[in-house]
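Chemist: Structure, please.
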Amino acid sequence: MEFRSILSESELPKPGTEHENQYFDFKLTIPLTPHLYPIVVNEWKNQKWELNQEIESQHNLRAKIDFDQFEIAKDIAAFANSLGGVILYGAAGSDKNGRKIFLNKYMPVSRDIAERWHTEVNQALVQRCAPSPHVLLRILPCEGNWVLSANIWAYPRQPVGVRIKNKSRLNDGFGDDSYIFPLRVTEQTTFLTPEQLPMYIDPTIRANGIYLSRILKEQSDPEKRIIKIHGSALGEMSFFFQEAHLLDVDTLSNTYYIRIHSIYKTGLPISSINDVWKEADGRYCVTIKGRIEVRNHELLYVPH
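Modeler: Numbers count the residues shown, from 1 in each chain. The predicted model follows:
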C-alpha cells in the first residue's frame with residue numbers, strides 16, 4: 001500500500017493517533033513572509049491557543065527573515081524521492097515519549113490564510129522543484145477553521161531536485177543556481193549522495209523498490225509477507241523452493257532481504273529484479289535477472 005492520502009475532512013487523523021514517520025509530517029505553518037507571520041500568530045492567540053515560549057521565539061525569528069521557499073520545496077521533494085507522504089499544515093506535534101513526535105492538536109486558521117498557504121506551497125513546488133512531482137493540495141475544514149494537506153506521490157522516473165538560488169560568486173567561484181536532492185528517511189530529511197543517485201536515475205529500479213516497499217506496508221507480519229520467485233533464477237533448485245519471505249527493503253543501499261525455508265537469509269540487489277507484479281490470489285511475484293544458489297549452506301545471488 002502507498003501512503004494514505006488525506007483529501008477530505010474525514011481522513012484527517014485524530015490527535016494522538018498518528019506520529020511523524022516515513023509518510024507523515026506535521027507543520028504549525030509554512031515559512032511565511034514577515035507580513036503574514038504576525039497575522040497567523042495573532043489569529044492563534046485570538047482562538048486562545050496557548051503558544052509556548054519556544055514557538056513564539058521561532059515566530060519572532062521568522063518574522064525578521066525573508067520567506068523561505070526552499071524549506072517548502074525541500075520537504076516536498078524529500079517525500080517524492082522516498083515513498084510518498086503527507087504534510088499537514090496547521091497541525092502541532094509533541095514529543096510524547098522522547099522518541100516519536102505525535103499529532104498533539106490542530107491549530108487551524110481562517111480560510112484566507114489557508115488559501116495563502118496553498119498559493120505559497122504551490123509556488124514553491126513550481127519554482128523550486130525539478131522535475132515537478134505529483135502533488136495534490138487540499139484546504140480542509142477542521143474544528144471550525146481550516147488546515148492544508150499536501151499529498152505527495154513517489155516520483156519513480158528520476159530524483160526530484162530542489163533549486164538553490166546563488167546570488168554571488170563567492171562559493172567556489174560559481175554563481176549559477178544549483179540543485180540538491182532531499183530524501184525522507186523515517187521522520188528525518190537527508191540528502192542523496194552522488195553514489196546513491198544512479199539507483200534513482202534508473203526508473204525500473206526505482207519502481208521496483210517502491211513496489212517492494214508496498215509489500216512491507218501491506219503486510220506487517222513477516223511470516224505472511226511472501227513473494228513468489230519465477231523464471232530461470234531458480235535453475236535446478238526450482239524443486240527446492242518457489243517462495244520467499246520478504247524481510248526488509250533498503251532503497252538507499254539498493255538491497256532487499258529475503259528468507260527461504262526459515263534457514264537461508266540473504267540480501268539481493270533491487271537492480272537484480274526484472275519485474276514485480278501482484279497475482280489474483282494477492283501474492284506478489286518477482287522475476288530475477290541472474291540466479292540464486294546455495295553454497296556452503298548460504299544463499300547467494302549470482303548475476304548473469
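
Chemist: secondary structure class for the residue nearest to residue 152 when sequence neighbours are not counted?
Modeler: Closest residue to residue 152 apart from its sequence neighbours, by CB to CB, 6 or more residues apart in numbering: residue 79 at 4.1 Å. In this view, the C-beta of every residue, glycine as well, is placed from N, C-alpha and C. Using DSSP: H, G, I helix; E, B strand; the rest coil, the structure places residue 79 in helix.

Chemist: so how far is residue 117 from residue 79?
Modeler: For residue 79, the distance to residue 117 equals 17 Å [CB to CB, to the nearest Å].

Chemist: Pick out whichever of those two has more residues nearby.
Modeler: The residue with more neighbours, out of residue 79 and residue 117, is residue 79; 30 against 25, by other CB atoms under 10 Å.

Chemist: what about the helices in the stretch 51-200 of the chain?
Modeler: 53-62, 69-80, 111-128, 197-201 (DSSP state H, counting those that start in this stretch).

Chemist: So which of these is the most surrounded?
Modeler: Mean neighbour count (mean count of other CB atoms under 10 Å) peaks for helix 69-80 among the helices of the stretch 51-200 of the chain, with a mean of 24.

Chemist: packing partners for that helix?
Modeler: Contact here means 3 or more CB pairs under 8 Å, 6 or more residues apart in numbering; DSSP states H and E; on that basis helix 69-80 packs against strand 24-27, strand 85-89, helix 111-128, strand 129-130, strand 145-152, strand 161-164, strand 182-185, strand 188-191.

Chemist: circling back to that earlier point, among the helices of the stretch 51-200 of the chain, which comes closest to residue 160?
Modeler: helix 69-80 (4.3 Å; CB to CB).

Chemist: residues in contact with the closest one?
Modeler: Outside helix 69-80, the residues within contact range by CB atoms under 8 Å, 6 or more residues apart in numbering are 3, 23, 25, 27, 30-31, 85-87, 120-121, 123-125, 127-129, 133-135, 150, 152-155, 160-165, 180-184, 189.

Chemist: Quick one: low-confidence residue ranges for the stretch 51-200 of the chain.
Modeler: Scanning the stretch 51-200 of the chain for pLDDT under 70 picks out 51-67, 95-100, 167-175.

Chemist: If we use 50, what do you get?
Modeler: Residues of the stretch 51-200 of the chain meeting the criterion pLDDT under 50: 53-54, 57, 61-66.

Chemist: per-residue pLDDT, residue 204?
Modeler: Residue 204 carries a pLDDT value of 79.

Chemist: likewise residue 304?
Modeler: Reported pLDDT at residue 304 in the predicted model: 66.

Chemist: now swap in residue 5 and tell me
Modeler: Residue 5 is assigned 90 on the pLDDT scale.

Chemist: Reduced to three states, what does it come out as?
Modeler: Classification of residue 5 by three-state DSSP places it in coil.

Chemist: contacting residues for it?
Modeler: Contacts for residue 5 (CB under 8 Å, 6+ apart) come out as 11, 86, 136, 151.

Chemist: swap in residue 144?
Modeler: By CB under 8 Å, 6+ apart, the contact set of residue 144 is residue 108.

Chemist: Relative to residue 287, how far out is it?
Modeler: 54 Å.

Chemist: do residue 251 as well
Modeler: Relative to residue 287, residue 251 is positioned 20 Å away (CB to CB).

Chemist: more neighbours, these two?
Modeler: With neighbours defined as other CB under 10 Å, residue 251 and residue 287 compare such that residue 251 has more, 23 against 16.

Chemist: Am I right that the more buried one is in contact with residue 196?
Modeler: No. Using CB atoms under 8 Å, residue 251 makes no contact with residue 196, being 9.1 Å away.

Chemist: can you list the helices of the stretch 51-200 of the chain in TSV and add distance to residue 265?
Modeler: What follows is the helices of the stretch 51-200 of the chain, written out as TSV (distance: least, CB to CB, whole Å):
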stretch	distance to residue 265
helix 53-62	45
helix 69-80	31
helix 111-128	42
helix 197-201	22
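
Chemist: how about these, which one is nearest residue 18?
Modeler: Nearest to residue 18 among these is helix 69-80; the distance by CB to CB comes to 15.5 Å.
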